[in-house]
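Chemist: from the sequence below, what's the structure:
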Amino acid sequence: MSSKKKPQPRLLVADADGQIYDHPDLLLLCRRGDEFGLPRPDELIALPEESEFFMLPGRHAMGYDPESGSVEIMEDLAVAAFVSPGHTITGISAYETEPGAKTLPLLAYAAIGYAEGKFWVCAKKVDEDKRQVFSNIQPDRVEAGAHRLMKDFPSNRLVSHLAGCALTNGCPAAKNLALGRFECPLPTAQSCNARCVGCISEQPEDSGFPAPQCRIGFRPNPGEIVQIMQRHESRERRPIFSFGQGCEGEPLLEAELIAEAVKMYRDEGGTGTVNINTNGSRPQTLPALKLAGVNSIRVSLNSTRKGLYEAYYRPVSYGWDDVHETIRRAHEVGMFVSLNLLFFPGVTDTEKEFDSLVALGEEARFDFIQLRNLNMDPELYLELAKPHIDGPAMGFANFRKRLRKELSWIKFGYFNPYLG
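Modeler: Numbers count the residues shown, from 1 in each chain. Take a look at the predicted model:
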């Protein structure tokens with residue numbers, strides 16, 4: 001039985017008053033690297049729940065005229081979608097930028113159109129986990145949970161910090177801690193040894209875009225960390241604990257603190273998955289962390305090629321070779337190894353990037369790829385990536401299909417998995 005044919009969505013635009021409407025004649029275009037084209041049928045889905053869409057100031061919408069076969073640039077502004085967690089963007093919003101337009105905030109900008117009474121977006125669902133879905137949860141439950149944590153642990157600075165993240169910033173990880181479900185965030189590091197172009201916790205004043213999160217301003221002690229771990233374990237049947245959050249620097253710079261806290265937790269019977277989200281800069285710390293009870297590591301990267309990796313991460317006291325060694329050594333010491341692959345259409349899914357990723361998998365034997373989105377102004381990232389990229393994109397669906405064939409043991413998702 002054949003599946004229903006996907007529609008051809010019409011272009012969405014925004015007028016001078018900020019009203020968003022679908023164009024009566026033009027079709028949706030999307031961008032993959034420097035390529036502009038119609039969305040492929042296998043990369044369109046109905047806009048997922050809890051997604052957002054918005055207009056892009058200083059950027060004029062581009063649409064395709066099926067009558068003339070030409071691309072038209074509108075006076076109206078372009079529109080893009082920020083797709084809810086669990087989905088990977090397959091095509092970027094297509095637009096032409098005015099000279100002097102301000103840099104866009106640190107978000108991902110999916111192409112979005114309208115057809116058959118619904119919105120359609122260039123994205124694919126990559127994880128069924130409902131970890132960051134809050135549509136059926138009343139906000140007062142989060143608020144009550146955060147205040148209960150502060151009441152129960154009035155002198156715990158890390159509790160106060162995370163409760164503030166839940167109440168003020170709406171951080172999904174902190175909200176889940178307040179609700180006592182899924183993954184527990186454990187920020188520890190004030191400093192970082194990278195200067196990522198798209199860092200979400202610290203940006204120089206001249207970057208053109210502010211960091212959306214505030215970095216933690218103190219060093220928690222092991223007791224504060226363990227209190228939170230034990231509380232979360234008492235409420236969640238399959239607890240996951242993660243060091244390395246958006247509100248901190250690089251957790252491996254606090255490897256001794258983390259090892260001490262995790263050992264205390266494990267020595268007192270603590271269960272669950274203890275994970276570190278890291279830039280992978282300090283492979284020498286892994287044996288002690290594994291011995292203490294850390295059983296999972298997630299290494300974030302935009303590329304497995306030295307030039308593009310270092311152009312984005314701008315490492316200060318390490319380099320790509322250290323990241324490579326961290327991935328290899330983590331597998332060697334028996335950790336579950338995930339890559340937090342920051343996917344960008346038309347860059348990540350090119351042949352040289354694919355070949356490099358496969359070669360790393362064959363050598364270092366990582367276990368899991370989290371297909372996350374690279375969140376930053378598309379033109380800023382493409383300017384940075386252009387010297388390192390050549391050739392056409394294969395498309396997200398082909399990229400994932402070919403990875404499954406070449407690295408048959410690899411699992412895919414979006415979130416840190418629970419290790420049962």
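
Chemist: the spatially most central residue of the chain and A123, how far apart?
Modeler: Centroid-nearest residue in the chain: R372, 4.0 Å away (criterion: Cα atoms, centre = their mean). Per Cβ to Cβ, to the nearest Å, R372 is found 12 Å from A123. The way it works is simple: take the backbone N, C-alpha and C, and place the C-beta from them, glycine included.

Chemist: cool, and F415?
Modeler: Distance from F415 to A123, by Cβ to Cβ: 16 Å.

Chemist: the two: which has the busier surroundings?
Modeler: Neighbour count, other Cβ atoms under 10 Å: between F415 and A123, A123 has more, with 29 against 22.

Chemist: correct me if wrong: that one contacts D42.
Modeler: No - with contacts counted by Cβ atoms under 8 Å, A123 stays clear of D42, the gap being 11.5 Å.

Chemist: what about the helices in the stretch 201-350 of the chain?
Modeler: 222-235, 255-267, 286-292, 306-313, 320-333 (DSSP state H, counting those that start in this stretch).

Chemist: of all those helices, which one is nearest N156?
Modeler: Closest to N156 of the helices of the stretch 201-350 of the chain is helix 222-235 (Cβ to Cβ; 4.9 Å).

Chemist: check which residues of that closest one are buried.
Modeler: Of all the residues in helix 222-235, those buried under the rule 16 or more other Cβ atoms under 10 Å are 222, 224-229, 231-233.

Chemist: so what are the domain limits for this protein?
Modeler: Split into domains by automatic domain parsing, the chain comes to 11-125, 139-413.

Chemist: let me see the mean pLDDT of the shortest one.
Modeler: Mean pLDDT, domain 11-125: 96.

Chemist: distance from that domain to the middle of the chain?
Modeler: Chain-centre distance of domain 11-125: 20 Å, with Cα atoms, centre = their mean, to the nearest Å.

Chemist: could you give the bridge partners of the nearest residue to I112 once chain neighbours are set aside?
Modeler: Once flanking residues are discounted, I112 sits nearest to A81: 4.0 Å by Cβ to Cβ, 6 or more residues apart in numbering. For A81, the beta-bridge partners are F53, A110 (DSSP bridges).

Chemist: my guess is A81 contacts G113. True?
Modeler: No - with contacts counted by Cβ under 8 Å, A81 stays clear of G113, the gap being 9.7 Å.

Chemist: overlap in contacts, these two.
Modeler: Here A81 and G113 have 119, 121 as joint contacts, going by Cβ atoms under 8 Å, 6 or more residues apart in numbering.

Chemist: circling back: would you list the domains of the chain in JSON lines and tack on distance to K5?
Modeler: Formatted as JSON lines, these follow (distance: least, Cβ to Cβ, whole Å):
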{"stretch": "domain 11-125", "distance to K5": "8"}
{"stretch": "domain 139-413", "distance to K5": "16"}
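
Chemist: tell me which of those domains sits nearest to R131.
Modeler: Per Cβ to Cβ, nearest to R131 of the domains of the chain: domain 139-413, 4.7 Å.

Chemist: now the end-to-end length of that closest one.
Modeler: From its first residue to its last, domain 139-413 covers 27 Å (Cα to Cα, to the nearest Å).

Chemist: hang on, the earlier thing: can you tell me which of the buried residues of helix 222-235 is closest to L179?
Modeler: Of all the buried residues of helix 222-235, L179 sits closest to H232, with 10.3 Å by Cβ to Cβ.

Chemist: how about the nearest residue to that closest one, chain neighbours excluded?
Modeler: C184 (4.1 Å).

Chemist: give me the contact list for the helix or strand harbouring that neighbour.
Modeler: Assigned by DSSP states H and E, C184 belongs to strand 183-185. Residues external to strand 183-185 that are found in contact with it (Cβ under 8 Å, 6+ apart): 131, 162, 165, 171, 173-174, 176-177, 228-229, 232, 236, 239-242, 245, 415-416.

Chemist: so, low pLDDT: which residues of the chain?
Modeler: By pLDDT under 70, the low-scoring segments of the chain are 1-4.

Chemist: let's go with 90 and repeat that
Modeler: Counting by pLDDT under 90, the chain contains low-confidence ranges at 1-7, 16-18, 40-42, 135-136, 168-170, 200-214, 390-391, 420.

Chemist: quick one: secondary structure of the residue nearest to I92 when sequence neighbours are not counted?
Modeler: Distances taken as Cβ to Cβ, 6+ apart place R31 nearest to I92, at 4.2 Å, with adjacent residues excluded. The local conformation at R31, judged by DSSP: H, G, I helix; E, B strand; the rest coil, is strand.

Chemist: equivalent analysis for D22, please.
Modeler: From three-state DSSP, the assignment for D22 is strand.

Chemist: G413 - nearest residue in space that isn't next to it in sequence?
Modeler: D127 (4.3 Å).

Chemist: so which of the helices of the stretch 201-350 of the chain comes closest to D377?
Modeler: Across the helices of the stretch 201-350 of the chain, D377 has its closest neighbour in helix 306-313 (12.9 Å, Cβ to Cβ).

Chemist: quick one: residues in contact with the closest one.
Modeler: With Cβ under 8 Å, 6+ apart, helix 306-313 has contacts from 194-198, 279, 301-303, 319-321, 323, 347, 353, 381, 384-385, 387-389.
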